[in-house]
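# structural data only, the sequence is not supplied:
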């Protein structure tokens, strides 16, 4: 089977199981938007983005590192125990960091109380054990975990939004935290055991080595938030609450689709470990890009219809819908850029060129922050989505230039 087909096959499966929770999450977002005011829905988007950033800090690039270095060996013996201990330790430390951030940066922001509540969510993430299921290729357990969370999320959020009609950011954040608990405890039953509490000198050595090795991955992971999410933060600072809310609708759709792209990178890494070919093939990459471009075409061909379908219960008015459609049409091309560089990133990770990968991501991220902030401060708010693609464009050009320069490309 051709490489690009194997990537699509595994990527589609991983994406499908994540689509369960992402699909119900989108359904729930409709009623979150309905219960909150237009302005508060934008602030809720800021809260969710903050939480995603701290989740990335808690991960510290460990998921990518484990996939790239260990594979299924990370699910066995003392290595598994040490990895699990490291994940738990980093979650606790990051939760404390998020609390500090809330009191120092978000103290007077409408999302402040929600920040404090979701800091606990870092300890009970439903995706806490995804690395274990993916590394061990426990596809059925991964499916059960996602299905369990889907059911829990639907029930808890349904009661919170439709029956209790919660209309405050912090109350909705608490409901989200409660909804994550069943899937978390399912992971506990699959992976936790008494030996987890066995801490030795080797444990601290492992922590040190992994955190040291993970720094480039962590920098790259955090730098990725200097791409699309920067537009949301720039809109929060420089644009009106109406534009922030409209941008948030479009941003959520693209972030969802970008999340699926991450699963394709995971599938590509799995396949690259089984393939001794050290060269990238343009034909495979172009076919995969065509697949993503075709799959995402409704986002730029029919943005209004997509928004009204996915956010069917949102309190649309003509102004917000028009702004959001323009944002979605522009931001959707981020997916094509991501597809163009997916195999290149996977190849760098497989070859353990983590510092180089981190450098490339940082260059793209810094350029995105500069240009997007410039657009927010000196140009019309409507230019923010265009400049929010700067990072995607820059890193894609850099990666292709590197692979061509080093003669790593074949037809």
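Sure thing, it's come through. None of the values given here were measured: they were computed from a predicted structure.

# tell me the SS of the one residue sitting closest to the centre of the chain?
By C-alpha atoms, centre = their mean, the chain has its centre lying nearest to residue 259, at 4.9 Å. At residue 259 the chain is in helix, as set by DSSP: H, G, I helix; E, B strand; the rest coil.

# now do it, the pLDDT please.
Residue 259 carries a pLDDT value of 72.

# and for residue 124?
Per the predicted model, pLDDT is 87 at residue 124.

# that one - how many residues pack around it?
By other C-beta atoms under 10 Å, 17 other residues sit near residue 124. All C-beta spots, glycine's among them, are computed from the backbone N, C-alpha and C.

# now it: how far from residue 347?
As judged by C-beta to C-beta, to the nearest Å, residue 124 and residue 347 stand 35 Å apart.

# mind listing what's buried along stretch 56-72?
Going by neighbour count (16 or more other C-beta atoms under 10 Å), the buried part of stretch 56-72 is 56-68, 70-71.

# least confident pick among these?
Minimum confidence in the buried residues of stretch 56-72 sits at residue 71, scoring 62.

# flag the shaky bits of the stretch 251-400 of the chain, pLDDT-wise.
260-281, 350 (pLDDT under 70).

# recalculate using a threshold of 50.
Flagging of the stretch 251-400 of the chain using pLDDT under 50 yields the residue ranges 269, 273.

# all helices of it, in order?
Along the stretch 251-400 of the chain, the segments classed as helices by DSSP state H, counting those that start in this stretch run 282-295, 297-301, 303-310, 318-331, 333-350, 354-378, 384-387, 390-405.

# how about the stretch 51-200 of the chain?
62-69, 77-104, 112-121, 130-135, 139-158, 169-191.

# give the contact list for residue 240.
residue 381 (C-beta atoms under 8 Å, 6 or more residues apart in numbering).

# model confidence for it, exactly?
89.

# coming back round to it: farthest-apart pair in the buried residues of stretch 56-72, please.
Within the buried residues of stretch 56-72, 57 and 71 form the most distant pair, 24.3 Å apart (C-beta to C-beta).

# right, and residue 340 touches residue 282 too?
No: in this structure residue 340 lies outside contact range of residue 282 using C-beta atoms under 8 Å: 10.8 Å.

# which one of these two has more residues nearby?
Neighbour comparison, residue 340 and residue 282: the larger count goes to residue 340, with 20 against 13 (by other C-beta under 10 Å).
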